[in-house]
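In: Let me see the structure of the following:
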Amino acid sequence: MSFKNILSQLNIFAQCKKYGLPLWQCPQFLFLVMGIVIAITAITFYAIATRYIADPRLVALMVLIITAILFIIANIINRSFERLAEASRMKSEFISVVSHQLRSPLSNLRWAIEFLMSGRTDPITEKQLEYFKILKENSVRMGELVSDLLIVSRLETAKLPFKKQEFAFEDLINNLIKEFKPLARASNVEIKFEPEKNLPKVFSDPSQLRLVIENLLDNAIRYIKERGQVEIKLEKRDKNFYFEIKDNGVGIPREDQKYIFQKFFRSENILRYQTQGSGLGLYISKAIVERSGGKISFRSQEGVGSTFWFTIPIK
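Out: Numbers count the residues shown, from 1 in each chain. All right, here's what the predicted structure looks like:
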């Protein structure tokens, strides 16, 4: 190993950035902490041993043996953490590369399907049009999954840019409600939005907050199985914005609630309805909210509905 490589290995912050991990989870930092613990343990043991053992050589030998054993254990644990961190980094990079590579062919596929559906080349029958619509819907779903995977990969490797700017939170929500109105109308769902008056502007990343609200609103509409209502609240609480979205949909079974923010998790009662989804929306939402310095949670009852809420710092 070259001197340059040795220096890069000693640079804890660079190694943490490489793995996309916070400092307290980084293998090199943990190894440093364990080294300090070993040193303190050795000094403590030496101080105790000199009281009860007369021969200083025996004391020194015992300290060396204990230190060596602890160091070997620490090194084994650290190597295991490094392998796990490296595997996680490679997985995230693989997902990122594959997602990037899939974007172009999926876009080309959608364009080709739309061109064929237009009938510009040859007239198409109703049966053919029906098949083309199925192809188009599935290509759109695949595109959404690829997009979600790319966002997850960027979040896990800390490569998703966080561009803060000042904007009106209620305007962002109103614009999203307008976009979701066709889906809500088709699902017989009424959307009610009640923002608190004279709200200040928020200083955050509008594109990422948009993703959070988009995921929560999409879930709320899709998980209402007949006629229903979605209620959205926005208010100021101390130095935070408080956002809440409530639906009267299928709800989440109690036994599934502890897994709800995990990647790819979808509740069993949702799968029974064959509702579309990748199981990544809530994971992405939680990661973005926590990255913004806020908190996200929910309460739900199966057959009654769900209420999701999150806070976000105003500045």
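In: Tell me, how many residues neighbour Val146?
Out: Look at Val146: counted by other CB atoms under 10 Å, it has 19 neighbours. To be clear about C-beta, it is placed using only N, CA and C from the backbone, and glycine gets the same treatment.
In: On the pLDDT front, check it for me.
Out: With respect to pLDDT, Val146 scores 76.
In: Please verify my assumption that it contacts Leu106.
Out: Yes - contact criterion CB atoms under 8 Å: Val146 and Leu106 qualify, at 6.5 Å.
In: What helix or strand is the closest residue to Glu214 other than its chain neighbours located in?
Out: Nearest residue to Glu214, sequence neighbours excluded (CB to CB, 6 or more residues apart in numbering): Leu176, at 6.1 Å. Secondary structure assignment for Leu176, by DSSP states H and E: helix 169-186.
In: What is that helix packed up against?
Out: Under the contact definition 3 or more CB pairs under 8 Å, 6 or more residues apart in numbering; DSSP states H and E, helix 169-186 sits against strand 189-195, helix 206-222, strand 228-237, strand 240-247.
In: Sheet-wise, list the partners of the last one with their directions.
Out: In the sheet containing strand 240-247, the strands it pairs with under DSSP bridges are strand 228-237 (antiparallel), strand 305-313 (antiparallel).
In: And the first one, what's buried?
Out: Taking 16 or more other CB atoms under 10 Å as the basis for neighbour counts, the residues of strand 228-237 that come out buried are Gly228, Gln229, Val230, Glu231, Ile232, Lys233, Leu234, Lys236.
In: which among those residues gets closest to Val33?
Out: Of all the buried residues of strand 228-237, Val33 sits closest to Lys236, with 40.2 Å by CB to CB.
In: what about the closest residue to Leu70 other than its chain neighbours, distance to Ser187?
Out: Leaving aside its chain neighbours, Leu70 sits nearest to Ile38 (4.6 Å; criterion: CB to CB, 6+ apart). Remark: distance between Ile38 and Ser187 (CB to CB, to the nearest Å) = 61 Å.
In: And for Phe167?
Out: As judged by CB to CB, Phe167 and Ser187 stand 29 Å apart.
In: Ile66 touches Thr44, doesn't it?
Out: No - assessed by CB under 8 Å, Ile66 is found out of contact with Thr44, at 10.4 Å.
In: who has more neighbours, those two?
Out: Between Ile66 and Thr44, counted using other CB under 10 Å, Ile66 has the larger neighbour count: 16 against 11.
In: Tell me where the stretch 201-315 of the chain is predicted with low confidence.
Out: For the stretch 201-315 of the chain, the stretches flagged by pLDDT under 70 are 268-278.
In: repeat that with 80
Out: Applying pLDDT under 80 to the stretch 201-315 of the chain flags residues 225-226, 264-279.
In: Quick check: which of the helices and strands packed on helix 169-186 is nearest to Ile151?
Out: From those, taking CB to CB, the stretch that ends up closest is helix 206-222, at 7.2 Å.
In: Going by neighbour count, which residues of that closest one are buried?
Out: By 16+ other CB under 10 Å, the buried positions in helix 206-222 come out as 206, 208-209, 211-222.
In: what about the residue nearest the centre of the chain, distance to Glu114?
Out: Residue closest to the mean C-alpha point of the chain, counted by CA atoms, centre = their mean, is Ile284 at 3.3 Å. According to CB to CB, Ile284 and Glu114 sit 28 Å apart.
In: got it, and Tyr283?
Out: 31 Å.
In: of those two, who's got more company?
Out: Legend: neighbour count by other CB under 10 Å for Tyr283 and Glu114, higher for Tyr283 (21 against 12).
In: any idea how far Pro105 is from Glu144?
Out: 15 Å.
In: Revised request: answer the last question for Lys178.
Out: 20 Å.
In: So for those two, which residue has more residues nearby?
Out: Shown here are Lys178 and Glu144; by other CB under 10 Å, Glu144 has more neighbours (16 against 10).
In: what angle do the helix or strand containing that one and helix 206-222 make?
Out: For Glu144, the element it lies in under DSSP H and E is helix 126-156. Angle of helix 126-156 versus helix 206-222, following axes from the mean of the first three to the mean of the last three CA atoms, to 10 degrees, is 130 degrees.
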